[in-house]
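Engineer: prediction below, plus the sequence it came from.
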Amino acid sequence: DTGVSQNPRHKITKRGQNVTFRCDPISEHNRLYWYRQTLGQGPEFLTYFQNEAQLEKSRLLSDRFSAERPKGSFSTLEIQRTEQGDSAMYLCASSLADREQFFGPGTRLTVL
Amino acid sequence: AQTVTQSQPEMSVQEAETVTLSCTYDTSESDYYLFWYKQPPSRQMILVIRQEAYKQQNATENRFSVNFQKAAKSFSLKISDSQLGDAAMYFCAYRSLTSGTYKYIFGTGTRLKVLA
């Protein structure tokens, strides 16, 4: 068990470009969560999956954001037409059913 | 909507001493979980301790313990015999057990400095 992994760890992009992040959860975990953390704040919930089904989305997840978990394993978070306000740490977490969430190291996005 | 408040942006403690981090929350629900997570610099968040709201007994994990006051909606973390490795951001988090959501609601965090 290597824990939750996220790639890339850092991403620098220009405003208006599209970016995609990947999260690999702990292998037996059926739930996967995405959070966003800005400087000086705690993580804010974006969305979560149970297996391949996306069951909840935050109002923070504008129509420029899309997340998938195609086979109930890894997940991707895509941001289209990035804006400077999208600069943040994007955290992924996973859990086995109702148990506590385990977090990955995050992807730090900088939009220039 | 539930909220979590951590009113101490930063705390310092001398090595080997005890420190208490505060957390208050607002909810109308009776069933929920509360958590403390630790986020070391440039490293991922790890769970420190968890408390189920229906349990009256305060959770403990080695040097970490909580003071859970349900009526006061208070959930403080006590770290005993502080070590240099305890230096990190600490986040308090809430998870509802009645609203059908599995998301965590986090506070803004407390940065703990441990002085040698």
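Structural biologist: Ah, there it is.

Engineer: now chain A against chain B: closest residue?
Structural biologist: Per CB to the nearest CB, A:Gly42 is where chain A lies closest to chain B, at 3.2 Å. Glycine gets a C-beta too; all of them are placed from N, C-alpha and C.

Engineer: what sits against that residue?
Structural biologist: By CB atoms under 8 Å, 6 or more residues apart in numbering or on different chains, A:Gly42 lies in contact with B:4, B:6, B:91, B:93, B:106-109.

Engineer: rerun at 10 Å
Structural biologist: For A:Gly42, the contacting residues are A:35, B:4, B:6, B:37, B:39, B:45, B:89, B:91-93, B:104-109, by CB atoms under 10 Å, 6 or more residues apart in numbering or on different chains.

Engineer: read off the pLDDT value for it.
Structural biologist: Here the pLDDT value assigned to A:Gly42 is 93.

Engineer: what distance do you get for it to B:Val48?
Structural biologist: 14 Å (CB to CB, to the nearest Å).

Engineer: ok, back up a step: which among the contacts of A:Gly42 gets closest to A:Asn7?
Structural biologist: Taking CB to CB as the measure, A:Asn7 lies nearest A:Tyr35 of these, at 16.6 Å.

Engineer: which residue packs closest to residue 20, ignoring adjacent ones?
Structural biologist: I went with chain A, as the question did not name one. A:Glu78 (4.6 Å; CB to CB, 6 or more residues apart in numbering or on different chains).

Engineer: not quite, go with chain B.
Structural biologist: Spatial nearest neighbour of B:Thr20, chain neighbours left out: B:Lys78 (4.9 Å); criterion: CB to CB, 6+ apart.
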